[in-house]
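K.L.:
could you work out the structure for the sequence below:
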Amino acid sequence: MPSGTFTNKELMRVVRRQFALDWKGIHGVSHWVRVRENGLVLAESTGARTNVVELFALFHDSRRANDDHDPEHGERAAAFAKSLAGSVFDLDPLDLELLMEACRGHSDGHTEGEITVLTCWDADRLDLGRIGIQPDPLRLCTDAAREPDVLEQAIRRSRQ
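P.N.:
Numbering: from 1, shown residues only. Coordinates of the predicted model:
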């Protein structure tokens with residue numbers, strides 16, 4: 001499995017320095033690690049671009065202002081990722097657009113779109129168990145995420 005994003009010390013330092021919430025909280029680094037794992041598992045079946053999946057895991061909640069209702073956090077995350085592209089990490093223009101789309105829409109409940117974006121959204125939704133919510137297969141985007149074994153393993157990880 002690729003591991004570049006979470007081993008890029010400069011990228012992690014920049015993201016952590018600006019993160020406004022509890023680093024170990026419900027939207028912090030443990031969540032990001034599980035979203036990464038979920039996404040990479042799904043990508044094996046969906047064919048999603050793993051570089052985008054990994055960066056999504058890091059950025060999608062990185063600009064939250066609070067742990068509750070924050071409807072603009074995805075847009076802020078997309079802008080933050082764009083501001084760092086080419087300096088702290090490299091991504092081709094198409095992949096950057098996919099990353100930004102995934103960040104912008106990850107909490108809107110959409111279930112249709114480009115497969116890498118859908119994989120990112122499912123990777124995040126599969127970690128709802130951390131807040132006591134069982135992911136609803138009808139609200140997942142990909143067949144891979146609805147697979148009983150994948151769903152069960154993700155729920156187990158999210159509740160540990």
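K.L.:
so which residue is smack in the middle of the chain?
P.N.:
The chain has A57 as the residue nearest its centroid, 3.1 Å off, counting by Cα atoms, centre = their mean.
K.L.:
just confirm that one is within a helix.
P.N.:
Yes - counting by DSSP: H, G, I helix; E, B strand; the rest coil, A57 is located in a helix.
K.L.:
what strand or helix carries the closest residue to it other than its chain neighbours?
P.N.:
With sequence-adjacent residues excluded and distances taken as Cβ to Cβ, 6 or more residues apart in numbering, A57 is closest to R36, at 3.7 Å. The way it works is simple: take the backbone N, C-alpha and C, and place the C-beta from them, glycine included. Using DSSP states H and E, R36 sits within helix 29-46.
K.L.:
what sits opposite the residue nearest to L91 when sequence neighbours are not counted in the beta ladder?
P.N.:
Excluding the flanking residues, the one nearest L91 by Cβ to Cβ, 6+ apart is A85, at 5.5 Å. Taking DSSP bridges as the rule, A85 bridges to F89.
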